[in-house]
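J.: Can you look at this prediction? I've put the sequence above it.
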Amino acid sequence: MNDLELLSSLDPARDWEPDPARRARSAALIDELTASSATSGAIPHPSKRQSRWSSFSVASRWGLATSAAVAACAAITGVLIVPGLLPGDVDAAYASWTPVPEQLTGAEALPEAQRCAAGWTEGWANPPTAADVMLAERRGIATTLLVTKDDGGLVVCDILDPADGVAGASALDPEAVVPEAGRVSVESQGASGDKAWYSQIVGRVGPGVTDVDVVLPDDSVIRATTRSGWWLAWWPGREGNGMGEELSFVVHTAAGAKTYRGSAL
């Protein structure tokens, strides 16, 4: 119990209180769950949210997780702690999501980078500058970015709905091996959610790679953002759960395009 009490003291979200809009969404969710249980005769468990993330470098991915689960990991990995997201938090992000992103400059994404730094559990000695934003994209209202931390680390940060703040963030290995020319690697991949799943992939690109496309099992194509030797994409869905043969990747170079299965990366 002493260990649990000490661990709970590390959680900066312990005194967090939801705003009226979030309370309203929570109430709507409870009404929906109650209605579902009355119809089916089963009582839905409120903690059905699942997540699965694979990391091929140094740190695990902790996006869209519950506050308690992230708090427990924060003492080990130094991830950003945020209150657990409810389905209402991602509705607007999913509705506005686009398969082709708008690429942002460092200056355009600087406010989001600073919001991410402000919530990082171990703090940033120096606030990020526009030059620290290595990659940034916007899909609808959601912004995802890679930011160089002041200690030389690399952070991937998600802001799905600007009204709700940072949804999740984690550390990547800035020294991850650069693939050979014309190839890409996957450094972090996973999915999280319950009724509304969210998948994301982050990786490195080799010399000569101009674009990367993620092809889902239904042949939907998602254009990744490629910049500064990295590539990144996210989408509504749970296909990011495993590396197997579910996904394929089209790597574009000046010489043309080649398709690879997930297991080849």
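T.: Yep, it's here. Numbers count the residues shown, from 1 in each chain.

J.: what residue ranges in this structure score low on pLDDT?
T.: Where the chain drops to pLDDT under 70, the residues are 1-90, 121-122, 194-195, 242-245.

J.: Going along the chain, name the strands of it.
T.: 50-55, 102-103, 133-139, 142-148, 154-159, 168-172, 188-193, 198-204, 209-215, 221-223, 225-227, 230-236, 248-253, 256-261 (DSSP state E).

J.: Mind giving me the packing neighbours of the last one?
T.: Looking back up the chat, that one is strand 256-261. With contacts defined as 3 or more CB pairs under 8 Å, 6 or more residues apart in numbering; DSSP states H and E, strand 256-261 has these neighbours: strand 248-253. Any C-beta I mention is one placed from the backbone N, CA and C, and that applies to glycine too.

J.: Sheet partners, orientation included, of the strand it packs on?
T.: Take DSSP bridges as the rule and strand 248-253 pairs in its sheet with strand 209-215 (antiparallel), strand 256-261 (antiparallel).

J.: Alpha carbons of the shortest one, as PDB, please.
T.: Backbone C-alpha positions of strand 256-261 (Å, rounded to 0.1, in the frame of the first residue of the first chain) are rendered in PDB as follows:
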ATOM      1  CA  GLY A 256       9.300   4.500 -58.700                       C
ATOM      2  CA  ALA A 257       7.300   2.800 -56.000                       C
ATOM      3  CA  LYS A 258       7.800  -0.600 -54.300                       C
ATOM      4  CA  THR A 259       5.300  -2.400 -52.000                       C
ATOM      5  CA  TYR A 260       6.400  -4.200 -48.900                       C
ATOM      6  CA  ARG A 261       4.400  -6.300 -46.400                       C
END
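
J.: got a list of contacts for that strand?
T.: 182, 184, 215, 245, 247-251 (CB atoms under 8 Å, 6 or more residues apart in numbering).

J.: one more time with 10 Å
T.: Strand 256-261 has contacts (CB atoms under 10 Å, 6 or more residues apart in numbering) with 182-184, 210-213, 215, 243-252.

J.: pretty sure residue 94 is touching residue 142, no?
T.: Yes: counting by CB atoms under 10 Å, residue 94 touches residue 142, with 8.8 Å between them.

J.: what about these two, which has more around it?
T.: With neighbours defined as other CB atoms under 10 Å, residue 94 and residue 142 compare such that residue 142 has more, 24 against 19.
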